[in-house]
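[1] sequence unknown, structure follows:
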């Protein structure tokens, strides 16, 4: 009897909380609204980053060389034509990410379909980027595995004549490592650089993608004008009303 009473109390409490949270929303509407928000957000983020200068022209997501290459940047004057190589490399890295960003939407769509009802309620009443955080936590490793081959293809594409990003990176690090291993380099205590550019770029590109996705989520949550469909207006309008 005591167990039955406790169970009844828990059920009543859950129903009360749910009613306070969703008001007149059904469970299916909550999930539909959140999935639509994430789909729209991912499409927008992909469009923003997939255009020319989507990464390269945005200081918040612009991809620079790995930290291991700082020594190269700081001492590039020792290598003939080094400054131009650095600029070409940074631009080509960002162009590669921009190219890959155009292909990310189907990957996100696959992950969004797995959202549960409980996930939906937690996200709806979470902070301003709860949906993005959920998506990042639940899909990052899978997205990495799916996204990296696209990065690798982009890295191998020629961007100047027949020269690819991988070619420029190999040229830059090759020249640096040759110098670092020379007598002069050893006297200056320089070390060779060995960095997996594909891994680095994939992580940086995905971080930038989630940053833009978070921006789109915040807009939908806080700006009525960003709720471009009826279900978004209903779900996030209800959330907004609950917060007043």
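    Here it is on my side, so go on. Since the model is a prediction, treat every value here as computed from it, not as a measurement.
[2] And the average pLDDT for the strand or helix carrying residue 144 is what?
    For residue 144, the host element (DSSP states H and E) is helix 130-156. The average pLDDT within helix 130-156 is 83.
[3] Stretch 172-182 too?
    Mean predicted confidence for stretch 172-182 is 83.
[4] For residue 166, the count of nearby residues, please.
    17 (other CB atoms under 10 Å). In this view, the C-beta of every residue, glycine as well, is placed from N, C-alpha and C.
[5] What are the buried residues along stretch 224-232?
    For stretch 224-232, a neighbour-count test (16 or more other CB atoms under 10 Å) marks 226, 227, 231, 232 as buried.
[6] Let me fix that, I meant to ask about stretch 75-88.
    Those would be 75, 76, 79, 82, 85, 86, 88, for stretch 75-88 by 16+ other CB under 10 Å.
[7] picking up where we left off before, farthest-separated two in the buried residues of stretch 224-232?
    The most widely separated members of the buried residues of stretch 224-232, counting by CB to CB, are 226 and 231 (13.4 Å).
[8] This structure: strands as residue ranges?
    158-160, 163-164 (DSSP state E).
[9] and those, which one is worst for confidence?
    Among these, strand 158-160 scores lowest, with a mean of 64.
[10] what's near enough to touch the closest residue to residue 186 other than its chain neighbours?
    Take residue 186 and drop its neighbours on the chain: the residue closest to it by CB to CB, 6 or more residues apart in numbering is residue 180, 7.8 Å away. By CB atoms under 8 Å, 6 or more residues apart in numbering, the residues touching residue 180 are 186, 190, 191, 192, 193.
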